[in-house]
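Visitor: Take a look and give me a structure for this.
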Amino acid sequence: MNRVEVAETGQILVRLAPEQGRRLAGSGVVEARLSPYETDLWEITPRGKVGVALVGDVEVWVIPKLAIDRLLFLVGYTADPKGWRDETVLLDVRTGLIPAVAQALWRQTERVLRQGLLQGYRTVEESSYVLRGRLREGDQLRWHHGRVIPIEIRHDDFTVDIPENQILLAAITRLLTVPRVDGESRRRLAALRRRLAEVTSLVRGTKLPAWQPSRLNTRYHTALRLSEIVWRATSPEHSPGAVAANGFLFDLPKIFEDFVTVAVSEELHAQYGGAAYPQYECHLDEALAVRMRPDLVWEMHGRPQAVADAKYKQEKPGGYPDADLYQMLAYCTALRLPRGHLIYAKGNVHAATHVVQHAGIEIVCHALDLTEPPEVILSQVSRIVAELAANPQATRREVRMAGKASLPA
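Guide: Modelled structure (predicted):
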């Protein structure tokens, strides 16, 4: 089996068979281009995803620049802003992304199952020769045409086959198919799967069942959130390519965008009120033909007060190296706002403020340092929100008045 390792921000040349190279190019996991100099030399470039994927007989490992615990913090906070940061998921970050997540999952699952499997009531509809619960009269007449037995009934079962256990089993099953899971973790996960033998396995292509945090399932909370992270990272929908890729992948631009949207919305609501709308729909032109969707628009009394877009790194399409600035200018113009905010991951762009000529519109670029501990990251978000919530029109008026007051009589 061929193994390809490339850093998140790197690029490598690797020798592959033509079919292997074409599969990688069609997978959506990385970009693969044939070298113009040698027929079996391929240029491999990451596409914003990190983790491991098995594409045909080629194992692709994209090494994240971001620390593993910070990466999981961003994902977990997005899923549950109120709970995740107060909980501990033990990670051995020295082992790499996949082994660290695998070890965290079996440790958390073993811990919650020490007290036994959680049980709960589940509504069951079935055919039976014994009346139990309630008779489903309509189904009885429709299917059995007046016969007394079998009986179509509905009843509540007290069982371990509940959403919480189904989610644990689904994550464990998925992770066992991922390359680079260490031997000990495979043994532990396989043993946990056997313990969950009475729980229904999810059919491929289905969604995770919904669950609600409660006093009864408190001990499951951390394991369930980690299981949801594993499920999303191992889902086939992470790759838009035409070739199936089996693995464990995080889409960093999407993770960053989701985190910023959730964290800024939470802080705005807590500190300033109003309503923050993700993927706010607006139009550039008066005919409403050109649709736009800023990542976040904050409204007070039904009127837009601020607009923000999250970018993991600066977009530089061919011929338009400052495309992000043009996009934000269009948002500010359409929303009649004098200031717009671009929030980047630090290291991909520098903080700066740009004043547009002849328009007076300010575009503020923020750099969020993701290498800091979670509490520091959130304090950075608070500072950004304070700038975002400031009224630039009022500020300019104060500056003008101060300037007039300083003029000699």
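
Visitor: Pull out the buried residues from whichever strand or helix holds Asp69.
Guide: Assigned by DSSP states H and E, Asp69 belongs to helix 68-79. The neighbour-count check on helix 68-79 (16 or more other Cβ atoms under 10 Å) flags 68, 70-78 as buried. For the C-beta atoms, the positions are set from N, CA and C on the backbone; glycine is no exception.

Visitor: now these as CSV including pLDDT and distance to Ala334?
Guide: Listed next are those as CSV, based on pLDDT from 0 to 100; distance: Cβ to Cβ, whole Å:
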residue, pLDDT, distance to Ala334
Ile68, 83, 40
Arg70, 87, 35
Leu71, 87, 34
Leu72, 84, 37
Phe73, 87, 34
Leu74, 89, 30
Val75, 85, 32
Gly76, 82, 34
Tyr77, 85, 30
Thr78, 85, 27
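
Visitor: Report the two of those residues separated the most.
Guide: Ile68 and Thr78 (16.3 Å; Cβ to Cβ).

Visitor: Show me the strands in the stretch 251-400 of the chain, by range?
Guide: Listed in chain order, the strands of the stretch 251-400 of the chain (DSSP state E, counting those that start in this stretch) span 275-278, 282-283, 291-292, 296-300, 303-311, 339-345, 352-355, 362-368.

Visitor: Check the stretch 51-200 of the chain too.
Guide: Under DSSP E, counting those that start in this stretch, the stretch 51-200 of the chain gives strands at 58-63, 120-128, 134-135, 151-159.

Visitor: Which residues does the third one contact?
Guide: Contacts with strand 134-135, where a contact means Cβ atoms under 8 Å, 6 or more residues apart in numbering, come from 151-155.

Visitor: about what we covered before: deepest-packed of the strands of the stretch 251-400 of the chain, please.
Guide: Among the strands of the stretch 251-400 of the chain, strand 339-345 has the highest mean neighbour count (mean count of other Cβ atoms under 10 Å), at a mean of 25.

Visitor: and the angle from that strand to strand 303-311?
Guide: 30 degrees (axes from the mean of the first three to the mean of the last three Cα atoms, to 10 degrees).

Visitor: Name every strand pairing with strand 339-345 and say which way it goes.
Guide: Sheet pairing for strand 339-345, assigned by DSSP bridges, gives strand 303-311 (parallel), strand 362-368 (parallel).

Visitor: what's the angle from that strand to helix 68-79?
Guide: 140 degrees.

Visitor: tell me the mean pLDDT for strand 339-345?
Guide: Mean per-residue pLDDT for strand 339-345: 95.

Visitor: do you know how far Arg303 is from Asn2?
Guide: Distance of Arg303 to Asn2, computed by Cβ to Cβ, to the nearest Å: 57 Å.

Visitor: rewinding a little: closest one to Val355 among the strands paired with strand 339-345?
Guide: strand 362-368 (5.4 Å).

Visitor: what about dumping the CA coordinates of that closest one to PDB?
Guide: C-alpha atoms of strand 362-368 as PDB (Å, rounded to 0.1, in the frame of the first residue of the first chain):
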ATOM      1  CA  GLU A 362     -13.700  50.500   6.700                       C
ATOM      2  CA  ILE A 363     -12.800  46.800   6.300                       C
ATOM      3  CA  VAL A 364     -11.200  45.500   9.500                       C
ATOM      4  CA  CYS A 365      -9.200  42.300   9.300                       C
ATOM      5  CA  HIS A 366      -8.900  40.400  12.600                       C
ATOM      6  CA  ALA A 367      -6.400  37.600  13.300                       C
ATOM      7  CA  LEU A 368      -7.600  34.900  15.700                       C
END
